[in-house]
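Visitor: Sequence first, then the predicted structure, then my questions.
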Amino acid sequence: MRKRTALAGAVISLTGVLLAALLFGNGWLTGSSGAVARAATQSGATSASQSGVTISDTQALFFVWASGTPAIQRLAAQDCASLALSAQQCAQVSAATRAAWLNLGALDPSAVGRPDARPNLAGRAQALGALTASLTAATNGHVAALLAATRTTMTEISQPQWISANVLNGQSLPAGTVLVWATSFSQKTLPSGLNTRRSPYVALPDAYLKYANWGQVSNIPTIYQMYYVPSGTTAHWTVNVANAQGTRSVSNVLVTDVGPWNEDDNWWDPNGTSTTLPASCPVASPLPFADATSDALVDGICPSGAAGGNYRRIYYYLLYQHYGLPFFQSAGYAPTGSFADGSWPTALAQYCSEAAAASTNADGVTCYSGAAPYNNTNGGWLRNSTYDSGITNQSSIDLSPAVDKDLGWSYPSSGLVQVTVSALP
């Protein structure tokens, strides 16, 4: 546990501690939060603030104040104590954060990572305004101090050392199972008669999984169909999900949607290593530039047959808008962020999602150790590039209300989860 320095007067009673434990989780709370003291001193934000909460603030709030991970819940409760907030006020902060997530999901789904939604800035402003008002009331106007403390805690929980010591507790995960950040979503229309609230389902950032499980085979290019729909009809791709401690889990959860944040980041697959494209790869002629197909990562857009396997496609989509086959069309070359012709995308480790590396809330779980966020936080969302936008959180999977319940989480929640992806194409 991190060292704490209590703010003067930030003392809560035993009753308050017990109430906070009920609000944030079952872990016993000890100490008080140095995060608040450090952040408030650094920012000078110890008085009432009327400044608005930003979308990036909201993401950080959701990962700290709406977490299903006990170790993070304890830090949130300790921060709350150091702000001299009552247990009731702590609960109000948590409830306001969860309500804002649902509100954004209704008014501006793009803000919470739904890649099929155009940004709705008016709706976003409405949701953020409501959150600002709720937090102002809950903290007696000390919103800036709350946000500063949240940022400090967010930085702390993103560190691999902290996660290893406080979340994994030295346990090693089975092959094909990874620890990633998760957020929550609900889907109105589902396949196979699944129920929005009662059925377990997830979203992963690979549209072909969704199409395969819905039986929409024609939406999957022929070169990928052998991987996603080997039977030629509807597939049933699932994952197993457990909480970070591995104490609660749900198996065979169907992938029903694409997201969060990306349509084409099959982050569980390996990177391509060859600059020789297979004969089956549909390539436009002439190429948009002479060395368009000379990068092995970008060439991973084309699998190399059953023996070679399905490769990770994200690198291609960071450089190209894509409106259909063939690949490498000159009209589709439109890189975002820091990548360009001659400045190829940086390889990401297998099991490291683009969102984890490119998020403005830096993730430290898996993969990326660059000094700045990957590709200047830019990400490729849809294949036609209509909704390209920056990535504001590091989630690699979205969980349904029923999965949250199976893990012992409130809905909606965030947190670290174990996901078994070894059965995915």
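Guide: Arrived safely.
Visitor: what does stretch 334-342 contact?
Guide: Residues from elsewhere that reach stretch 334-342 (Cβ atoms under 8 Å, 6 or more residues apart in numbering): 289, 291-292, 318-321, 333, 345, 358, 375-380, 385, 388. Just so you know, the C-beta spots here come from the backbone N, C-alpha and C atoms, and that holds for glycine as well.
Visitor: quick one, helices of the chain?
Guide: Listed in chain order, the helices of the chain (DSSP state H) span 14-24, 34-43, 55-65, 70-82, 87-107, 121-138, 143-157, 160-163, 207-214, 222-228, 296-299, 314-319, 354-358, 401-406.
Visitor: who wins for proximity to Asp257 among these?
Guide: helix 207-214 (5.8 Å; Cβ to Cβ).
Visitor: So which other helices or strands are in contact with that closest one?
Guide: Packing partners of helix 207-214 (3 or more Cβ pairs under 8 Å, 6 or more residues apart in numbering; DSSP states H and E): helix 222-228, strand 249-258.
Visitor: between it and strand 249-258, how big is the angle?
Guide: 100 degrees (axes from the mean of the first three to the mean of the last three Cα atoms, to 10 degrees).
Visitor: quick thing: my sequence starts at 13, can you match it?
Guide: Got it, the first residue is 13 from now on, which makes the last one we talked about helix 219-226.
Visitor: Give me the buried stretch members for helix 219-226, please.
Guide: The neighbour-count check on helix 219-226 (16 or more other Cβ atoms under 10 Å) flags 219-226 as buried.
Visitor: Outside of it itself, list whatever touches it.
Guide: 203, 215, 228-229, 231-232, 236, 239-241, 246-249, 266-270, 275-276, 278, 395, 436-437.
Visitor: Now the buried members of those residues.
Guide: 203, 215, 229, 232, 236, 239-241, 247, 249, 266-270, 275-276, 278, 395, 436-437.
Visitor: show me what contacts the residue of the chain most remote from its centre?
Guide: Distance from the C-alpha centroid of the chain peaks at Pro298, with 37.6 Å (Cα atoms, centre = their mean). Going by Cβ under 8 Å, 6+ apart, Pro298 touches Ser342.
Visitor: I figured Trp393 hits Ile403, correct?
Guide: No: in this structure Trp393 lies outside contact range of Ile403 using Cβ atoms under 8 Å: 9.2 Å.
Visitor: Overlap of the contact sets of these two?
Guide: Trp273.
Visitor: one step back: single out the most deeply packed of the helices of the chain.
Guide: Mean neighbour count (mean count of other Cβ atoms under 10 Å) peaks for helix 366-370 among the helices of the chain, with a mean of 29.
Visitor: what packs against that one?
Guide: Using 3+ Cβ pairs under 8 Å, 6+ apart: helix 366-370 touches strand 390-391.
Visitor: Identify all contacting residues around the strand it packs on.
Guide: Strand 390-391 is contacted from outside by 273-274, 330, 348-350, 366-367, 370, 400-403, using Cβ under 8 Å, 6+ apart.
Visitor: nearest to Asn181, of those residues?
Guide: Ala367 (25.3 Å).
Visitor: for that closest one, what are its contacts?
Guide: Counting by Cβ under 8 Å, 6+ apart, Ala367 has contacts 125, 217, 272-274, 277, 375, 391, 403, 405-408.
Visitor: Now stretch 424-431: average pLDDT?
Guide: Per-region confidence: stretch 424-431 scores 97 on mean pLDDT.
Visitor: Bridging across strands, which residues link to the spatially closest residue to Leu180 that is not a sequence neighbour?
Guide: Nearest non-adjacent residue to Leu180, counting by Cβ to Cβ, 6 or more residues apart in numbering: Leu191, 6.8 Å away. Beta-bridge partners for Leu191, by DSSP bridges, are Gln430.
Visitor: domain parsing for the chain?
Guide: Under automatic domain parsing, the residue ranges defining each domain of the chain are 26-169, 176-272+408-432.
Visitor: Same list, the helices of the chain, but as a markdown table with mean pLDDT please.
Guide: Converted to a markdown table, the helices of the chain look like this (pLDDT from 0 to 100):
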| stretch | mean pLDDT |
| --- | --- |
| helix 26-36 | 38 |
| helix 46-55 | 37 |
| helix 67-77 | 95 |
| helix 82-94 | 95 |
| helix 99-119 | 97 |
| helix 133-150 | 97 |
| helix 155-169 | 94 |
| helix 172-175 | 87 |
| helix 219-226 | 97 |
| helix 234-240 | 94 |
| helix 308-311 | 94 |
| helix 326-331 | 92 |
| helix 366-370 | 90 |
| helix 413-418 | 98 |
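Visitor: could the ones you listed go into a markdown table alongside distance to Gln430?
Guide: Formatted as a markdown table, those follow (distance: least, Cβ to Cβ, whole Å):
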| stretch | distance to Gln430 |
| --- | --- |
| helix 26-36 | 21 |
| helix 46-55 | 27 |
| helix 67-77 | 17 |
| helix 82-94 | 14 |
| helix 99-119 | 22 |
| helix 133-150 | 30 |
| helix 155-169 | 17 |
| helix 172-175 | 12 |
| helix 219-226 | 19 |
| helix 234-240 | 24 |
| helix 308-311 | 27 |
| helix 326-331 | 23 |
| helix 366-370 | 15 |
| helix 413-418 | 12 |
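Visitor: My guess is Asp416 contacts Tyr423. True?
Guide: Yes: counting by Cβ under 8 Å, Tyr423 is a contact partner of Asp416 at 4.4 Å.
Visitor: which residues are common contacts for these two?
Guide: Contacts common to Asp416 and Tyr423, judged by Cβ under 8 Å, 6+ apart, are Ser196.
Visitor: circling back: can you tell me which of the contacts of stretch 346-354 are buried?
Guide: Burial by neighbour count, 16+ other Cβ under 10 Å: within those this picks out 304, 330-333, 345, 357, 370, 387, 389-392, 397, 400.
Visitor: returning to that earlier point: any chance of the contacts of strand 390-391 in JSON lines, with distance to Pro338 too?
Guide: Output for the contacts of strand 390-391, formatted as JSON lines (distance: Cβ to Cβ, whole Å):
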{"residue": "Trp273", "distance to Pro338": "27"}
{"residue": "Asn274", "distance to Pro338": "22"}
{"residue": "Leu330", "distance to Pro338": "19"}
{"residue": "Thr348", "distance to Pro338": "21"}
{"residue": "Gly349", "distance to Pro338": "24"}
{"residue": "Ser350", "distance to Pro338": "26"}
{"residue": "Glu366", "distance to Pro338": "24"}
{"residue": "Ala367", "distance to Pro338": "28"}
{"residue": "Ala370", "distance to Pro338": "27"}
{"residue": "Asp400", "distance to Pro338": "21"}
{"residue": "Ser401", "distance to Pro338": "27"}
{"residue": "Gly402", "distance to Pro338": "29"}
{"residue": "Ile403", "distance to Pro338": "28"}
